[in-house]
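S.K.: structural data only, the sequence is not supplied:
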């Protein structure tokens, strides 16, 4: 645990590898920012390929001098793509030093136990305490409820002997080179979260602001912050502003992850979100997962040189 101001060490290089996302495309080309997996390693097109699902899991690797650290952000939905895709890429998941959960929703936490079962490692799981709130549901206009499955149970961590690190505040990991944002302060006047998300607490229904939403913040030496989000239910602009506030670093070099701007409910804030992102002006912008197709096409137009389409198996490199 830590105070509100983070002593985050700058790193020399960052690699972010997509193990789980909603999209896969073997025809995408590599460039200076992203390395796509080869279609025909050794000259032959393989019989196995990458799997996508509605979910997200990112392997984040940082270098500080000669030392390397690895963290897994989220696990995806089912665990099938996570384990399968890591094997194709030749990634050893036992090298992960911590698992950070961006929030409780099943498309980010559903494969957590499968991850531990397949790796036989016992690294700490960093999570906001409100990730254990239940029941949570979506309330539709016709009054129908759509309940989220309960994927996180405190007693299960104890039974499986998995270390649980609960914190609302930012947490430094990996010799102070990676910062978990903790609960994101909501400061913008237009990012209102999921409008139809509710929860039951003490027998009463209330709006679910998804306070357990959090992401990763890394300081790239001489360049600025790399911000990695799960869904950004707090709002992607709130997330960026929060990262700058808790680190004292105002430069933002890269923003990667889910922005949760999918569907008609978010269309009223798309223009404002893009305007604010243009003010931030990141060198690299990689919307993923729940960002939404319409939002991605708008971002591609607004950021023709900095936005890159993600795909399962892609590795993004940010160097100082």
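M.R.: Sure, I can see it. Model, not experiment: these values are computed from the prediction. Numbering: from 1, shown residues only.

S.K.: how long is stretch 184-202 end to end?
M.R.: 24 Å (CA to CA, to the nearest Å).

S.K.: same check on stretch 89-102?
M.R.: Using CA to CA, first and last residues of stretch 89-102 are 23 Å apart.

S.K.: what are the buried residues along it?
M.R.: Within stretch 89-102, the residues that count as buried by 16 or more other CB atoms under 10 Å are 89, 91, 93, 96-102. Where C-beta positions appear, they are placed from N, C-alpha and C, glycine not excepted.

S.K.: could you do stretch 117-127 as well?
M.R.: Within stretch 117-127, the residues scored as buried using 16+ other CB under 10 Å are 118-119, 123, 125-127.

S.K.: pLDDT averaged over that stretch - what is it?
M.R.: Across stretch 117-127, pLDDT averages out at 95.

S.K.: just how off-centre is it within its chain?
M.R.: How far stretch 117-127 lies from its chain's middle: 17 Å, per CA atoms, centre = their mean, to the nearest Å.

S.K.: now the buried residues of stretch 117-127 as TSV including secondary structure?
M.R.: Supplementary listing: the buried residues of stretch 117-127 in TSV, determined by DSSP: H, G, I helix; E, B strand; the rest coil:
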residue	secondary structure
118	helix
119	helix
123	coil
125	strand
126	strand
127	strand
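
S.K.: how about residue 267, nearest residue that isn't a chain neighbour?
M.R.: residue 294 (7.5 Å; CB to CB, 6 or more residues apart in numbering).

S.K.: how near is that neighbour to residue 234?
M.R.: Residue 294 sits 21 Å away from residue 234, going by CB to CB, to the nearest Å.

S.K.: settle it for me: which of the two has more neighbours?
M.R.: residue 234 (29 against 15; other CB atoms under 10 Å).

S.K.: doesn't residue 181 make contact with the more buried one?
M.R.: No - counting by CB atoms under 8 Å, residue 234 stays clear of residue 181, with 9.1 Å between them.

S.K.: residues shared between the contacts of those two?
M.R.: residue 242 (CB atoms under 8 Å, 6 or more residues apart in numbering).

S.K.: list the residues that contact the closest residue to residue 170 other than its chain neighbours.
M.R.: Distances taken as CB to CB, 6+ apart put residue 182 closest to residue 170, at 4.2 Å, once the chain neighbours are dropped. By CB under 8 Å, 6+ apart, the contact set of residue 182 is 128, 167-171, 214, 246.

S.K.: of these, which belong to helices?
M.R.: Of the contacts of residue 182, the ones assigned to helices by DSSP state H are residue 246.

S.K.: most neighbours among the contacts of residue 182, which one?
M.R.: Result: residue 214 is most packed of the contacts of residue 182 (other CB under 10 Å), 31 neighbours.

S.K.: what pLDDT does residue 3 get?
M.R.: Listed pLDDT for residue 3 reads 45.

S.K.: for residue 230, same thing?
M.R.: Predicted confidence (pLDDT) for residue 230: 98.

S.K.: how many neighbours does it have?
M.R.: 31.

S.K.: picking that back up, need phi/psi at the residue nearest to residue 267.
M.R.: Taking degrees, to the nearest 10, you get phi -60, psi -40 for the backbone angles of residue 294.

S.K.: could you find the closest non-adjacent residue to residue 68?
M.R.: residue 61 (6.4 Å).

S.K.: wait, that neighbour touches residue 70, no?
M.R.: Yes - the pair residue 61 / residue 70 is scored as a contact, 5.0 Å apart, by CB under 8 Å.
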